[in-house]
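Participant: Make a model of this:
(chains A and B)
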2 protein chains.
Amino acid sequence: MDKRGILVVVSGFSGAGKGTIMKRLLEDYSDSYALSISATTRLPRPGESHGREYFFVSKEEFEEMIEEDALIEYARYVNNYYGTPKDYVFRELEAGRDVILEIEIQGALKVKEAYPDTLLLFVSPPSAGELKDRLMNRGTEDIAAIESRLNRAWQEAQGVENYDYFVINDDLEECVQEINNIIKNEHARVARNHAVIENIRAELKSFAKGD
Amino acid sequence: MDKRGILVVVSGFSGAGKGTIMKRLLEDYSDSYALSISATTRLPRPGESHGREYFFVSKEEFEEMIEEDALIEYARYVNNYYGTPKDYVFRELEAGRDVILEIEIQGALKVKEAYPDTLLLFVSPPSAGELKDRLMNRGTEDIAAIESRLNRAWQEAQGVENYDYFVINDDLEECVQEINNIIKNEHARVARNHAVIENIRAELKSFAKGD
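Facilitator: I've put the predicted structure just below:
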């Protein structure tokens, strides 16, 4: 069994319940997983604190991180930077914890390109109708805003083929369990066990010769 | 979630406990799995019955199956044919059951070539030393026979890189659970859910337009 942690990206349509799933996964299996914390140049909202929701940094600090190649991926939205600092992620992976990045599809594909052994999970409601219903039932947005979200979801859905797993969030408990199983099983992939296999092979060879 | 069953090949070193694992998997999850039954031209041994351990057929019948392309794979050992009839396997897959073939590495690679979406699992003891100990402790074979088995295991270990998962059988319960999870999760692979994804995409598109 591979001892090093696995880099896992979880993406999904807004309204798929990704936030709730992540929270439960980290609560239920706190020894196995670490959630990557992004750095951003946007200002903290009420209740957000540095090092919990985000690392809040200045534009100059962020651009220094870009220059020093200290970020796994980053993007600029509106006038703010968002990115994933390497430091914390690599330290956790070395410690044997699987590190989860909760990022959108463009970021996910950049991470996969830079680190091809990243595991990509996409979380979806059982159907688009269910997604629409969930967004409507929140009651916080008007119909135009909901349509814009559904349009965004449609655009995002173009890239799903690049993911490894398409996980349907129908029942929360089952979904959390399934994601935990997928990540756990990933450690048993042949591609992640070359050293283990090589050891057994070398040992078998010495036995077969009667050493 | 993909409804069609998955074709699963389970291979492993002799002494890895594969037989016991398969038996438990089929007992514990009898609704999910079907074990493929091979056809062979060798004679039944005491206690074996037609349609349980094997379909026992004549050389002529077997060669007719080859001619009619009615076998997923077949091989000839010593003077006997062994092969996997398509008929039963495809019927079970269509019924939504995952079908397990317990075959050795050469057969496994032939199946994967003919049916690229086959899931290949390789079961191994935790170490080669453990494999040797298990073979010794059986007390049924002399040291030369054990060395020949270990030599065969070494040869088999050459092809392990072609498998998808390398499952270590340390604790039987955990191993059965792990194999069950691996097969279950395989249904959530993006590559097995193109139709589901396409449906959601089409529905999202119609919503985004405000249809």
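Participant: and residue A:121, that one's in a strand?
Facilitator: Yes: under DSSP: H, G, I helix; E, B strand; the rest coil, residue A:121 falls within a strand.
Participant: So it versus chain B, what's the distance?
Facilitator: In this view, residue A:121 and chain B are 9 Å apart by Cβ to the nearest Cβ, to the nearest Å. The way it works is simple: take the backbone N, C-alpha and C, and place the C-beta from them, glycine included.
Participant: Could you verify my assumption that that residue touches residue A:7?
Facilitator: No: Residue A:121 is beyond contact range of residue A:7, at 11.6 Å (criterion: Cβ atoms under 8 Å).
Participant: Next, work out how far apart the closest residue to residue A:29 other than its chain neighbours and residue B:124 are.
Facilitator: Leaving aside its sequence neighbours, residue A:29 sits nearest to residue A:180 (Cβ to Cβ, 6 or more residues apart in numbering or on different chains; 5.9 Å). As judged by Cβ to Cβ, to the nearest Å, residue A:180 and residue B:124 stand 24 Å apart.
Participant: Who has more neighbours out of those two?
Facilitator: residue B:124 (27 against 18; other Cβ atoms under 10 Å in any protein chain shown).
Participant: how about that one, phi and psi?
Facilitator: Note on residue B:124: its backbone torsions stand at phi -140, psi 150 [degrees, to the nearest 10].
Participant: Could you pull up the residues touching it?
Facilitator: Counting by Cβ atoms under 8 Å, 6 or more residues apart in numbering or on different chains, residue B:124 touches A:200, B:12-13, B:16, B:131, B:166-169.
Participant: The residue nearest to residue A:29 falls within a helix, correct?
Facilitator: Yes: under three-state DSSP, residue A:180 falls within a helix.
Participant: Surely it touches residue A:26?
Facilitator: No: with contact defined as Cβ under 8 Å, residue A:180 does not reach residue A:26; the gap is 10.6 Å.
Participant: what bits of chain A have low per-residue confidence?
Facilitator: For chain A, the stretches with pLDDT under 70 are A:1-2, A:209-211.
Participant: try 80 this time
Facilitator: A:1-2, A:14-16, A:138-140, A:208-211 (pLDDT under 80).
Participant: Do a quick rundown of the helices in it.
Facilitator: Along chain A, the stretches classed as helices by DSSP state H are A:18-28, A:59-67, A:86-94, A:105-114, A:128-138, A:143-157, A:172-186, A:194-208.
Participant: In terms of secondary structure, what does the second one contact?
Facilitator: For helix A:59-67, the packing partners by 3 or more Cβ pairs under 8 Å, 6 or more residues apart in numbering or on different chains; DSSP states H and E come out as strand A:38-40, strand A:71-77, strand A:80-85.
Participant: go again using 7 Å as the cut-off
Facilitator: The contact analysis (3 or more Cβ pairs under 7 Å, 6 or more residues apart in numbering or on different chains; DSSP states H and E) places helix A:59-67 against strand A:80-85.
Participant: chain center to the strand it packs on, what's the gap?
Facilitator: 15 Å (Cα atoms, centre = their mean, to the nearest Å).
Participant: do stretch A:167-187 as well
Facilitator: Distance of stretch A:167-187 from its chain centroid, counting by Cα atoms, centre = their mean, is 13 Å.
Participant: With stretch A:187-201 instead?
Facilitator: Stretch A:187-201 has its C-alpha centroid displaced from the chain centroid by 24 Å (Cα atoms, centre = their mean).
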